[in-house]
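A.B. asks: fold the following.
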Amino acid sequence: MKNNFKIIEKTKIWFILSGLMLLLTIGSFLVQGLNYGIDFLGGTIITIDLHQHFKTEDARKIVDPYDKGADITYAGDDKTNIIIGTKENLDEKQRKEIFEGFKKEYGLEDKDLLSIDTISPTIGGETAKNAALASTVVVVMILVYITFRFQFFFGLAAVSALIHDVIIMIGVYSFFRIPVNSPFIAAILTILGYSINDTIVVFDRIRENSRLYKKMDVDELVNRSINQSLRRSVNTTLTTLMAVTSLYIFGGVAIRDFALPLIVGLIIGCYSSIFVASPIWVLLEKKFPHSRFTQKAKRVRG
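C.D. replies: So this is what the prediction gives:
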């Protein structure tokens with residue numbers, strides 16, 4: 001049995017739902033802000049080989065007096081190396097005191113202090129600029145590509161959906177207090193890629209159907225196109241979600257901080273391709289009757 005969901009007729013519902021999500025996102029951002037990590041604010045990274053598995057709570061008892069917001073993760077094949085990332089630029093005395101605390105607790109030697117790295121705020125600021133620049137370049141190139149391949153209204157609708165996705169992704173980081181570090185850039189760009197891929201599939205079907213059903217109303221045409229590509233979009237998202245969810249369940253803290261935004265982003269990206277991008281395109285087509293698509297339809301009907 002073929003799907004026959006009336007998507008365009010319920011545009012107000014989808015826009016209200018998106019509006020609520022954006023409102024929550026902006027509210028969280030204004031109230032809590034973002035939990036910028038060491039990659040953006042600068043700080044100190046200390047790596048120690050503990051030669052055994054450790055509990056984060058035990059490690060925090062040693063680190064908290066110096067930075068209660070420090071990131072603590074593990075590394076190494078056996079997960080016995082601890083990586084401490086503080087947002088404070090620790091001086092030589094503080095670094096030594098932290099290592100002495102672990103040395104006493106875990107019976108370590110001086111050689112077990114693997115590295116101490118300092119990231120300056122200047123480098124952190126450069127990372128933030130690069131993140132913003134990368135996202136902006138991606139969005140602009142997508143607009144140019146879709147305009148060239150389809151038409152300007154398709155590009156405008158696609159970019160609107162991408163901005164919608166990015167804002168909600170930022171809200172996820174704000175709401176769950178996920179540290180905003182270098183993986184944040186990778187997560188944003190990954191979601192942009194998945195979202196635009198789904199959107200292009202729907203738009204491509206709209207373009208194909210516009211050639212096959214030249215006398216069909218725009219609303220009906222888009223509904224038909226969405227229904228025809230719906231199963232493919234949902235199945236692709238679900239397949240990817242299973243892999244990312246596995247990473248979230250079985251991965252460590254650092255992996256979870258990367259996987260959780262991806263899970264939300266994949267769902268939002270699929271949603272926006274169907275319920276945001278396509279309705280926006282329909283509104284643009286109706287608002288500006290001199291567009292290429294509308295004029296072509298009018299000539300056929302005439």
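A.B. asks: all strands of the chain, in order?
C.D. replies: In the chain, the strands defined using DSSP state E lie at 43-49, 71-75, 81-86, 113-119.
A.B. asks: for stretch 267-285, the distance to its chain's centre please.
C.D. replies: 18 Å (C-alpha atoms, centre = their mean, to the nearest Å).
A.B. asks: how long is that stretch end to end?
C.D. replies: 27 Å (C-alpha to C-alpha, to the nearest Å).
A.B. asks: one more: stretch 268-280?
C.D. replies: Span of stretch 268-280 from end to end, C-alpha to C-alpha: 16 Å.
A.B. asks: if we can go back for a sec, and the strands of the chain as a markdown table, adding mean neighbour count, mean pLDDT and distance to Thr236?
C.D. replies: Backbone N, C-alpha and C define where each C-beta goes, glycine included. Formatted as a markdown table, the strands of the chain follow (neighbours: other C-beta atoms under 10 Å; pLDDT from 0 to 100; distance: least, C-beta to C-beta, whole Å):
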| stretch | mean neighbour count | mean pLDDT | distance to Thr236 |
| --- | --- | --- | --- |
| strand 43-49 | 21 | 90 | 37 |
| strand 71-75 | 18 | 83 | 31 |
| strand 81-86 | 22 | 89 | 35 |
| strand 113-119 | 15 | 87 | 37 |
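A.B. asks: pull out the buried positions in stretch 207-216.
C.D. replies: Residues of stretch 207-216 classed as buried under the neighbour-count rule (16 or more other C-beta atoms under 10 Å) are 209-210, 216.
A.B. asks: I meant stretch 57-77, not that one.
C.D. replies: 59, 62-63, 66-67, 69-74.
A.B. asks: any idea how far the closest residue to Ser174 other than its chain neighbours is from Ile168?
C.D. replies: With C-beta to C-beta, 6 or more residues apart in numbering as the criterion, Ser174 has its nearest non-adjacent residue at 4.4 Å, and that residue is Ser28. Separation of Ser28 from Ile168 (C-beta to C-beta, to the nearest Å) stands at 10 Å.
A.B. asks: of those two, give the one with the bigger neighbour count.
C.D. replies: More crowded of Ser28 and Ile168, by other C-beta atoms under 10 Å: Ile168, with 23 against 19.
A.B. asks: OK, contacts around the more buried one?
C.D. replies: Ile168 sits next to 21-22, 25, 264-265, 268 when contact means C-beta atoms under 8 Å, 6 or more residues apart in numbering.
A.B. asks: quickly list the domain ranges of the chain.
C.D. replies: The chain breaks down into these domains under automatic domain parsing: 8-36+123-301, 43-119.
A.B. asks: rewinding a little: mind putting the strands of the chain in TSV, distance to Arg232 included?
C.D. replies: Formatted as TSV, the strands of the chain follow (distance: least, C-beta to C-beta, whole Å):
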stretch	distance to Arg232
strand 43-49	43
strand 71-75	37
strand 81-86	41
strand 113-119	43
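A.B. asks: lovely, talk soon.
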